[in-house]
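Novice: 3D, please:
(2 chains)
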Amino acid sequence: MTALRREAVQAWLLVLPACVMLAGFTHIPAVATLIESLYTTPRGARPARFIGLDQYRALLDDPVFFQALGNNALYAAATIPASVVLALLMALAVDSRLPGRAALRLAYFTPTMLPMIAVANIWLFFYTPDYGLLDQLGGMVGLGRHNWLGDPTLALWSLIAVAVWKEAGFFMIFYLAALQAIPPHLREAAALEGAGRMTVLRRVVLPLLMPTTLFVVVNAVINAFRLVDHVVVMTRGGPDNSTTLLLYYIYETGFRFWDTGMAAALTTVLLLILSALAALQFGVLGRRVHYR
Amino acid sequence: MRRIEIAGAWLLGALWVLPLAYAAWAAVHPPEYATRFALLAPWTAANFAQAWEAAPFPRYFLNTFLLVTLILVAQFLLCTPAAYAFARMRFRGRDTLFALVLLQLMIMPDVLLVANYRSLARIGLVDTILGIALPYLGSAFGIFLLRQAFRQVPQELDDAARLEGSGLLARIWRVYVPLAWPTYVAYGLVSVSYHWNNFLWPLVITNSVSTRPLTVGLAVFASTDQGIDWSIITAATLMTSAPLLVAFLIFQRQFVQSFMRAGIR
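Specialist: Numbering: from 1, shown residues only, chains lettered A, B, ... in the order given. A predicted model of the protein is given here:
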């Protein structure tokens, strides 16, 4: 009994430093954010005052908030399937006996190693009206000039392209690992049965890749809500808030307008979205892919 | 059919290289060729020299280097004992605590900017390198990965070391850390590349040359000083990404395997 107790004390001493740091910068601020969203923003001599759900009522009247939610939903709905499907295609290409596959793998993966901020600078140049490569190439085939980042109907799609370019290669790595872990005899057996390549892919390979797909999708979803570096550099949320994503709106509200109460309410919304996704991952999706 | 697949793969590869190649073109040619293509355009290193002179990049490099080193060492020291306890020890509340730790995989410090900024303001660490690092030191991802690796270590090795009279910390250090070394390398590469590239939190928490990491320095440089001199901006962009990129090109296999290892749960 005393040996067990000694072990418990030792264990707590081992986990304590890491858990204090974790709780101090994740769990406690999350709870503090929740509480703070129920108070006004303290300004000068005026301290914070309890106002219940007033911040949330104000959010419901804030068209920019809904625009940010809508933008973020569209951004997620476009970047996630596009980057996951491309990642799978890249992995299948690099996994097959293709001429120059090492060079291709390098080409696909390199954007992953660049800071998003560098990627944003490069694409800013790429998108420059008239002089940028995109307009120059478009001009050759008679597409005319576009203000890729200045046109509200194009700007968000331009950012989506950047995100897909940056992320697909990263996700490819995980598919590649999974493909190489598939025992060759499974494919050989299917081929002996007379199954074509497409059938093998659909009936053997894709089902075996389900856990990887889940992992990749979860990461893609988190990134869709966590990474807004390119918004800061390329558009600052404009034009007309057409590229404002939720975290960027939080950043603006908190650090440009210094409205910390409202920023706390916005952060709470983001935390709710992320928690719902976490629950979904461990609940519904988790059950569906454990087929073994 | 096979031909179409190969062509498609190569087309995609070309598309993926294009933006980078375009930036590289602009960086190594005089400004008048930045958006004009001529086979015989003269080469120059002047853009890099100008960028290097125009902003305190040596200081930014130093800041980023200090930042990633601090984070890596602290994560190593904090996550190793915690991972051991979660992997090999019995104590009440272990599973609940572990579930709470894993929550951070979803709710990362990156989204808690406002609350963390206030915490750091309260302890007087705004605009310090330690302040940039602090929210990331207790890493759920690190604890999780190391716990997986420690569970693969044969219990007999632990018992044998115990019989020889090794204490708890000695066993972790002499038995577990060496055996889990590939995981340390994998986690280290992921951590370094994450924090080398991190931007929004450092942007919020720093406001001076002596603390800004490269990413923030590059953003400040590109937005204020240069107008739209693309040659210099792309030179600066490539320069700041270069160390990581070159390391990646040299140790490609290790990087790719590390990312794979870090992703397999």
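
Novice: spatially central residue for chain A, please.
Specialist: For chain A, the residue whose C-alpha lies nearest the mean C-alpha position (C-alpha atoms, centre = their mean) is residue A:223; its distance is 1.6 Å.

Novice: same for the helix or strand hosting residue A:199, what does it pack against?
Specialist: Taking DSSP states H and E as the criterion, residue A:199 maps to helix A:197-200. In this structure, helix A:197-200 makes packing contacts with helix A:184-192, judged by 3 or more C-beta pairs under 8 Å, 6 or more residues apart in numbering or on different chains; DSSP states H and E. Where you see a C-beta, it was placed from the backbone N, CA and C, and this is true even at glycine.

Novice: quick check: the residue of the stretch 51-200 of chain B nearest chain A.
Specialist: Across the stretch 51-200 of chain B, the shortest distance to chain A (C-beta to the nearest C-beta) belongs to residue B:138, at 3.0 Å.

Novice: isn't that residue right next to residue B:78, touching?
Specialist: Yes: here residue B:138 lies in contact with residue B:78, judged by C-beta atoms under 8 Å, at a distance of 5.8 Å.

Novice: joint contacts of the two?
Specialist: When contacts are counted by C-beta atoms under 8 Å, 6 or more residues apart in numbering or on different chains, residue B:138 and residue B:78 are jointly contacted by A:17, A:18, A:21.

Novice: ok, of these, which come out buried?
Specialist: With neighbours counted using 16 or more other C-beta atoms under 10 Å in any protein chain shown, the shared contacts of residue B:138 and residue B:78 contain these buried positions: A:17, A:18, A:21.

Novice: among the residues you listed, which are in reach of chain B?
Specialist: Residues of those in contact with chain B (C-beta under 8 Å from any C-beta of the partner chain): A:17, A:18, A:21.

Novice: now the last one, nearest residue through space, not along the chain?
Specialist: Closest residue to residue A:21 apart from its sequence neighbours, by C-beta to C-beta, 6 or more residues apart in numbering or on different chains: residue B:138 at 3.0 Å.

Novice: roughly how far does the one you found sit from residue A:26?
Specialist: Shown here: residue B:138 relative to residue A:26, a distance of 8 Å by C-beta to C-beta, to the nearest Å.

Novice: got it, and residue A:147?
Specialist: When C-beta to C-beta is the yardstick, residue A:147 and residue A:26 sit 40 Å from each other.

Novice: before we move on, back to that, wasn't the residue of the stretch 51-200 of chain B closest to chain A part of a helix?
Specialist: No: when DSSP: H, G, I helix; E, B strand; the rest coil is applied, residue B:138 is found to be coil, with no helix at that position.

Novice: now do the phi/psi pair for it.
Specialist: Its backbone dihedrals place residue B:138 at phi -80, psi 100, with angles given as degrees, to the nearest 10.

Novice: tally of neighbours for it?
Specialist: A total of 26 residues lie near residue B:138 under the criterion other C-beta atoms under 10 Å in any protein chain shown.

Novice: give me the pLDDT value at it.
Specialist: Among the per-residue scores, residue B:138 holds a pLDDT of 90.

Novice: list the contacts for it?
Specialist: Residues counted as contacts of residue B:138 (C-beta under 8 Å, 6+ apart) are A:17-26, B:78-79, B:104.

Novice: likewise for residue A:225?
Specialist: Contacts were defined as C-beta under 8 Å, 6+ apart; by that measure residue A:225 touches A:72, A:76, A:245, A:246, A:247, A:270, A:273, A:274, B:111.

Novice: can you report how many residues lie near the last one?
Specialist: In this case it means residue B:111. The criterion is other C-beta under 10 Å. On that basis, residue B:111 has 27 neighbouring residues.

Novice: ok, for residue 89, nearest residue in space, not its chain neighbours?
Specialist: No chain specified, so I'll use chain A. Leaving aside its sequence neighbours, residue A:89 is closest to residue B:12 (7.4 Å, by C-beta to C-beta, 6+ apart).

Novice: let's do chain B instead
Specialist: With C-beta to C-beta, 6+ apart as the measure, residue A:11 is the residue that lies nearest to residue B:89, at 4.0 Å, once sequence neighbours are left out.

Novice: residue B:153 contacts residue B:176, correct?
Specialist: Yes: assessed by C-beta under 8 Å, residue B:153 is found in contact with residue B:176 at 5.7 Å.

Novice: which one of the two has more residues nearby?
Specialist: residue B:176 (22 against 17).

Novice: so what's the more buried one up against?
Specialist: With contacts taken as C-beta under 8 Å, 6+ apart, residue B:176 has the following neighbours: B:80, B:84, B:150, B:153, B:158.

Novice: between residue A:147 and residue A:26, who's got more neighbours?
Specialist: Residue environment comparison for residue A:147 versus residue A:26 gives the larger neighbour count to residue A:26, 25 against 16, counting by other C-beta under 10 Å.

Novice: secondary structure element for the closest residue to the more buried one other than its chain neighbours?
Specialist: Closest residue in space to residue A:26, ignoring its immediate chain neighbours: residue B:104 at 4.8 Å, by C-beta to C-beta, 6+ apart. Residue B:104 is part of helix B:94-106 when elements are defined by DSSP H and E.

Novice: can you tell me how far residue B:144 sits from residue B:48?
Specialist: If you measure residue B:144 against residue B:48 using C-beta to C-beta, the figure is 41 Å.

Novice: quick one: the helix or strand residue A:248 falls within near chain B?
Specialist: Here residue A:248 is covered by helix A:246-255, with elements defined by DSSP H and E. Yes: Helix A:246-255 reaches chain B (C-beta under 8 Å from any C-beta) through A:247, A:250, A:251, A:254, A:255.

Novice: who's in contact with the residue nearest to residue A:89?
Specialist: With contacts taken as C-beta under 8 Å, 6+ apart, residue B:12 has the following neighbours: A:86, A:89, A:90, A:93, A:108.

Novice: mind putting those in TSV, secondary structure included?
Specialist: TSV is the format used below for the contacts of residue B:12 (three-state DSSP):
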residue	secondary structure
A:86	helix
A:89	helix
A:90	helix
A:93	helix
A:108	helix
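
Novice: so residue 77 is in which element?
Specialist: Answering for chain A, as no chain was given. helix A:63-95.

Novice: I was after chain B.
Specialist: For residue B:77, the element it lies in under DSSP H and E is helix B:57-88.

Novice: can you tell me the average pLDDT over that helix?
Specialist: 94.

Novice: which elements pack onto that helix?
Specialist: Under the contact criterion of 3+ C-beta pairs under 8 Å, 6+ apart, helix B:57-88 touches helix A:2-22, helix B:94-106, helix B:129-133, helix B:140-151, helix B:181-197, helix B:214-220, helix B:230-250.

Novice: what about residue A:236, how many neighbours?
Specialist: Summarising burial for residue A:236: neighbours were counted as other C-beta under 10 Å, giving 14.

Novice: pLDDT weak spots in the stretch 1-150 of chain A?
Specialist: Within the stretch 1-150 of chain A, the stretches falling below the threshold (pLDDT under 70) are A:1, A:142, A:144.

Novice: residue of it closest to chain B, please.
Specialist: Nearest residue of the stretch 1-150 of chain A to chain B (C-beta to the nearest C-beta) works out as residue A:21 at 3.0 Å.

Novice: ok, now which ones touch that residue?
Specialist: Under the criterion of C-beta under 8 Å, 6+ apart, the neighbours of residue A:21 are B:78, B:134, B:137, B:138.

Novice: so which of those wins on neighbours?
Specialist: Among these, the one with the most neighbours (other C-beta under 10 Å) is residue B:138, at 26 neighbours.

Novice: up against chain B, what does the stretch 151-292 of chain A have?
Specialist: A:165, A:169-170, A:173-174, A:176-177, A:215, A:222, A:225-226, A:228-229, A:232-233, A:247, A:250-251, A:254-255, A:260, A:263-264, A:267, A:270-271, A:274-275, A:277-278, A:281.

Novice: again, only using 6 Å
Specialist: For the stretch 151-292 of chain A, the residues in contact with chain B (C-beta under 6 Å from any C-beta of the partner chain) are A:173-174, A:177, A:226, A:229, A:233, A:254-255, A:260, A:263, A:270, A:274, A:278.
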